[in-house]
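Enquirer: Below are the sequence and a predicted model; questions follow.
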Amino acid sequence: MHKLIHEGGVPIKAWIEGVPLEDAARTQLINTAALPFIHDHIAVMPDVHYGRGATVGSVIPTKGAIVPAAVGVDIGCGMMAVHTSLTASDLPDTLAGIRSEIERAVPVGGQGAGSGWKGKPGGIPNAISKRWERLDEGFKAICEKTPHLAKENSLIHLGSLGGGNHFIELCLDEKDEVWVMLHSGSRGIGNAIGRTYIEKARKLLETRATHLPDRDLAWLAEGETEFADYVEAMLWAQDFAMENRKAMMERVLRVLREELRSFTTDKLAVNCHHNYVAREEHFGATVWVTRKGAVKAGKGDLGIIPGSMGAKSFIVRGLGNPESFESCSHGAGRALSRTAAKQRFTLEDHARATEGIECRKDAGVIDETPMAYKDIDAVMAAQSDLVEIVHTLRQVVCVKG
């Protein structure tokens, strides 16, 4: 059940029973709720924490406007999971080799496909060349309106993981059956699109007779050229992110086929955004719904809620709760900033927290250590009226950029 926060703007309905809401995030939510185009209320998920522009873990319905910074710069970031016929007994006693082969197959960090694969000229993988060609057509149309984007590190990142909290995992469910799960978004080009239109919105704010407590809440209004251009570019970036996850999944499954026995994948494959905008019907109106760190959880919708490097994850089915705009959390949510996590925890702490998991245990991932995140069990308990758990997964391999 949700708690009600109402301080001047539209109501804020927050699913935060048993989980913390930091003061900075609460202030940010109140500022967002005061915007003049919010429809009915704002919904807050239990993984809520402070973010740039808008709070991570918030669902923001708007009429006639979109806030680019609320969408963020990793447009279309999301999850994909595939269930295989493999079981724990099919995995080798030592998983270091499989992790190494996945890292070889999928470029990570700042690398793009050109630095990790051989294929067509320019490093485009043959396996994703058709995706490349289709996306390239849309990208050229975007660049006609926003020419400087052509200079960005555009499609070269298609099929690569990135860094930060992005990951590739092998997991076991309650029957010890193997799942492949990954988390990534629209990479460098999505970032460039986000930054471009956040700046455009800020410049337009200077022409509006409106004072905002946070310039990152600047918006683009329907009818403006910038709004139409942003929607086109943003929807393209969401498409890119979806195809990016598919391309990586194909490469990971190929590694497993080379390293393990023959196996099949079933129809239970989930590919869902959790940083995006969609046009939807809610409370009697057609609105733009921005989910910043939130997953669509319409009745029957399958979604993915990951924990952290050392915590379980969940495949869930949405209950279609209208009060949450049919949404649920996108993960556990950070309890500590990256800087605070690096200052507080040691390599020994991280090694203990990830014991039994084949993953990086070096200083470069201390900011992603499990203790930097909220308790995933508390997060799931707080949203029991938003989703039901279909599968509980535990990691055995985790690849980080």
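Expert: On my side now, so go ahead. Residues are numbered from 1 along each chain as shown.
Enquirer: contacts and neighbour counts: CA atoms only from here.
Expert: Will do.
Enquirer: Which residue is the nearest non-sequential neighbour of residue 304?
Expert: residue 315 (4.8 Å; C-alpha to C-alpha, 6 or more residues apart in numbering).
Enquirer: for the helix or strand harbouring the one you found, packing partners?
Expert: Residue 315 is part of strand 313-318 when elements are defined by DSSP states H and E. Secondary-structure packing of strand 313-318 (3 or more C-alpha pairs under 8 Å, 6 or more residues apart in numbering; DSSP states H and E): strand 302-305, strand 387-400.
Enquirer: Moving C-terminal from the helix-or-strand element of the chain with minimal mean pLDDT, which element do we reach first?
Expert: The helix or strand of the chain with the lowest confidence, counting by mean pLDDT, DSSP states H and E, is helix 113-116 at a mean of 45. Downstream of helix 113-116, the first helix or strand assigned by DSSP H and E is helix 129-145.
Enquirer: Pull out the buried positions in that next one.
Expert: Within helix 129-145, the residues scored as buried using 16 or more other C-alpha atoms under 10 Å are 131, 132, 135, 139, 142.
Enquirer: so can I have JSON lines of the residues you listed showing distance to residue 368 and pLDDT?
Expert: Converted to JSON lines, those look like this (distance: C-alpha to C-alpha, whole Å; pLDDT from 0 to 100):
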{"residue": "131", "distance to residue 368": "31", "pLDDT": "73"}
{"residue": "132", "distance to residue 368": "31", "pLDDT": "74"}
{"residue": "135", "distance to residue 368": "32", "pLDDT": "86"}
{"residue": "139", "distance to residue 368": "33", "pLDDT": "90"}
{"residue": "142", "distance to residue 368": "34", "pLDDT": "93"}
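Enquirer: of those residues, closest to residue 179?
Expert: Nearest to residue 179 out of those is residue 131 (C-alpha to C-alpha; 24.5 Å).
Enquirer: I'd say the closest one and residue 243 touch.
Expert: Yes: at 7.2 Å, residue 131 and residue 243 qualify as touching, with contact defined as C-alpha atoms under 8 Å.
Enquirer: next structured bit after the longest helix along the chain?
Expert: With DSSP state H setting the assignment, residue counts place helix 225-259 as the longest helix in the chain. Downstream of helix 225-259, the next assigned helix or strand under DSSP H and E is strand 265-273.
Enquirer: partners of that next one in the sheet?
Expert: In the sheet, strand 265-273 lines up against strand 78-87 (antiparallel) (DSSP bridges).
Enquirer: which residues touch the strand or helix carrying residue 97?
Expert: Here residue 97, judged by DSSP H and E, is contained in helix 96-105. With contact meaning C-alpha atoms under 8 Å, 6 or more residues apart in numbering, helix 96-105 is reached by 116, 117, 251, 252, 255, 256, 259, 358, 359, 397, 398, 399.
Enquirer: Tell me which two of those residues sit farthest apart.
Expert: Maximum pairwise distance among these (C-alpha to C-alpha): 24.1 Å, between 117 and 358.
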